[in-house]
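Asker: Here is a sequence together with a model predicted from it:
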Amino acid sequence: MEVESTASGTPTKLLHLTGVTAGYGAGLILKGVDLAVTKGEIVCLIGPNGAGKSTVLKTVSGLLRNAGGSVVFDGADIGKLSSRERLHRGIVHVPQERSLFPTMTVWENVVMGAFILSNQGLVRQRAEEVAEIFPIVAKRRSAAAGSLSGGEQKQVELARSLMLDPALILLDEPSIGLDPKSRTSVFASIASLARDGRTVLLVEQNARSGLAVAHMAAVLEAGRVALTGTGQSLLEDPEVARLYLGASAQGPAAALATR
Amino acid sequence: MKLAITRAGLIRAGVFFLILILVPVVGGPGWLLNTLIFTIMYAALSSSWNLLGGYAGYPSLGHVAFFGIGAYATAIIFTGSVYGGYAPFFVLPLIGIAVALFSIPIGWVSMRTRADVFAIVTITLLFITQTLAFNLKNFTGGAQGKSVAPAPFDVSTYDWPFYYAMLILLAIAMGISLYFRRSKIGLSLATVRADEDKAHGVGVRVTAVKLIAFAVSAGLVAMVGGVWAYYVGFIYPQFAVDPLITIGMVLMAFLGGRGTLWGPVLGAFILVPAQEYFAQAFGASELYLLAYAAVFLVIMLFLPRGILPSISERLKRRRASAAGAARDSANAAPTAIPTSEVKAVR
């Protein structure tokens, strides 16, 4: 099954997974994942623990190689490329766990996002731009990243992910472990990424908030895509609501209110 | 992360090396030059160790193996009295490069482990090398030892070539250390030391920079070993591959501050003269080792991160509190890349 493109009818699939299998050691976690991400959209992947959501992101960013199937990005099969080569192509992965270097300053961490670039002038210019989008970067510029709160660190991580002017941002559970207020601001940041035309593949345990910001969404179950649709349609789907939203289907207003 | 070469830094280095260059010319008591040769030797060893143990965060306890390999390489090439003269010094770069290349597979295997496991794996390297030195009798002379071609230098200035050779090696080790700090290699190593997975995530070539640090460090140590062998003239497995040399270079870097440019040098200039003094004061007994350990323990108790990082942290804190500046303390030493986080072994 495949996520259909938007109603525009001219699909520009930036990322296309077909029958992707992958796993660690003996067992396969992904058992044939079909998924497509259209340029400029936020696609949200939801599903129970262990379904393979994070693994999907890892096969896209190259932290894990797919055992079978194909990972096509911008028209080319990238399945054999290293994570560094995929970074060069503009795929940036923001992992679930804290990924800032705690003893480096906020600014150094942001600059590290462009580690693979050699043009220091460009790097500095990007960092200044990013600091405008994420005020925390300018405000806590020379503080050690480890001294920031979890929510602040996540904002810095999002800021850092923009340093390569990425074609695709992979966000793994950005709201995990955050208080409600920080969560709201993280989702606000993700929504603003979409307004800027960024393409985002988002994995979110907090399904209601994730679906609310997503254009398209897919439900991953036991290593396969079980259901796809627009974020809105999944929010309203009674089955999805029962399984993943922890309540009966509610309107978007309710969804927004509870996030 | 990159550090500019400041005027103060240049002056500091200039004064340091100028004084050391002038010492033999100015002269002094007979023991001075001999003690300085070993002090500078340990400063060079510790600075070289620091490239891997300090910047990359891989605390090798087997580096004396490369010291011994360099020493035996010199002894094997310049055996008997056919060669001699300055030739052993000119062959050193070749020994350094050969040992650096030879060390790459060793580094590749051993650096699949981290932290304490890495330390233990490298200790085995030490004992394997020592065992080989004892047993490959055709090459090393085994326990009978091996003589190096005698150096045909004038008695009054006999120590000078060795002294300056050690000094040049120290300058090279510190130069590479400075280059590491100012380049992407240093930045890569800092991320590797902090967290290799995170380093991967931002596109650091983790394996490559680790191997560069390992090979450069091993090659430098081997060159120092070569000068040492020529200086002492006769080498034995238990002295060329002596665990005390490994411990010395590690302790000096810890004492002065690992991951800093001057820390290993400072550590050597404190510990080597202290060791010599205690050895003399306590005579032929091994008591001096206890005194040596006591000095180290006292300093580590009061300056646990090493002298330079602790001092600059204190200075910074004082400056920060004087300015009433916002809290910014976790990022300690401006001259040091913090080494506090030890990554769990996987």
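Answerer: Received it, and whenever you're ready, just let me know what you need. Numbering: from 1, shown residues only, chains lettered A, B, ... in the order given.
Asker: can you map out the strands along the stretch 151-259 of chain A?
Answerer: A:168-172, A:200-203, A:216-221, A:224-230 (DSSP state E, counting those that start in this stretch).
Asker: And those strands: which comes nearest chain B?
Answerer: Chain B sits nearest to strand A:168-172 of all the strands of the stretch 151-259 of chain A, at 10.8 Å, using CB to the nearest CB. Every residue, glycine included, has its C-beta placed from N, CA and C.
Asker: Close to chain B: what parts of the stretch 151-259 of chain A are there?
Answerer: Within the stretch 151-259 of chain A, no position is near chain B by CB under 8 Å from any CB of the partner chain.
Asker: What is the burial count for the residue in the stretch 151-259 of chain A positioned nearest to chain B?
Answerer: Taking CB to the nearest CB, chain B has its nearest neighbour within the stretch 151-259 of chain A at A:Arg160, 8.0 Å off. Neighbour count of A:Arg160, defined by other CB atoms under 10 Å in any protein chain shown: 28.
Asker: likewise B:Val204?
Answerer: Per other CB under 10 Å, the neighbour tally for B:Val204 reads 24.
Asker: Please apply the same query to B:Val241.
Answerer: By other CB under 10 Å, the residues close to B:Val241 number 30.
Asker: Same check on B:Ala279?
Answerer: 17.
Asker: That one and B:Glu286 touch, don't they?
Answerer: No. Using CB atoms under 8 Å, B:Ala279 is not in contact with B:Glu286, being 9.4 Å away.
Asker: can you tell me how far A:Ala212 sits from A:Gly231?
Answerer: 7 Å (CB to CB, to the nearest Å).
Asker: So which of the two has more stuff around it?
Answerer: Set A:Ala212 next to A:Gly231 and count neighbours by other CB under 10 Å: A:Gly231 wins out with 23 against 20.
Asker: And the closest residue in space to the more buried one that isn't next to it in sequence, what's its pLDDT?
Answerer: Ranked by CB to CB, 6 or more residues apart in numbering or on different chains and with sequence neighbours excluded, the top spatial neighbour of A:Gly231 is A:Ala214, at 3.5 Å. At A:Ala214, the pLDDT value in this model is 92.
Asker: Low-confidence bits of the stretch 1-150 of chain B, can you list those?
Answerer: Applying pLDDT under 70 to the stretch 1-150 of chain B flags the ranges B:1-4, B:80-83.
Asker: Over to the stretch 101-250 of chain A?
Answerer: A:246-250.
Asker: That one: helices as residue ranges?
Answerer: In the stretch 101-250 of chain A, the segments counted as helices under DSSP state H, counting those that start in this stretch are A:106-112, A:120-133, A:135-139, A:150-161, A:180-195, A:207-213, A:231-236, A:238-240.
Asker: Just send those back as a markdown table, with distance to A:Thr12 too.
Answerer: Formatted as a markdown table, these follow (distance: least, CB to CB, whole Å):
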| stretch | distance to A:Thr12 |
| --- | --- |
| helix A:106-112 | 30 |
| helix A:120-133 | 25 |
| helix A:135-139 | 31 |
| helix A:150-161 | 22 |
| helix A:180-195 | 15 |
| helix A:207-213 | 21 |
| helix A:231-236 | 19 |
| helix A:238-240 | 27 |
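Asker: now for those, which one comes closest to B:Ile311?
Answerer: Between B:Ile311 and the helices of the stretch 101-250 of chain A, the shortest gap by CB to CB is with helix A:106-112, which sits at 22.7 Å.
Asker: Who are the contact partners of residue 175?
Answerer: Here I'm looking at chain A. Contacts for A:Ser175 (CB atoms under 8 Å, 6 or more residues apart in numbering or on different chains) come out as A:154, A:182-183, A:186-187, A:204-206, A:209.
Asker: that's the wrong chain, I meant chain B
Answerer: Counted by CB under 8 Å, 6+ apart, B:Gly175 has zero contacts.
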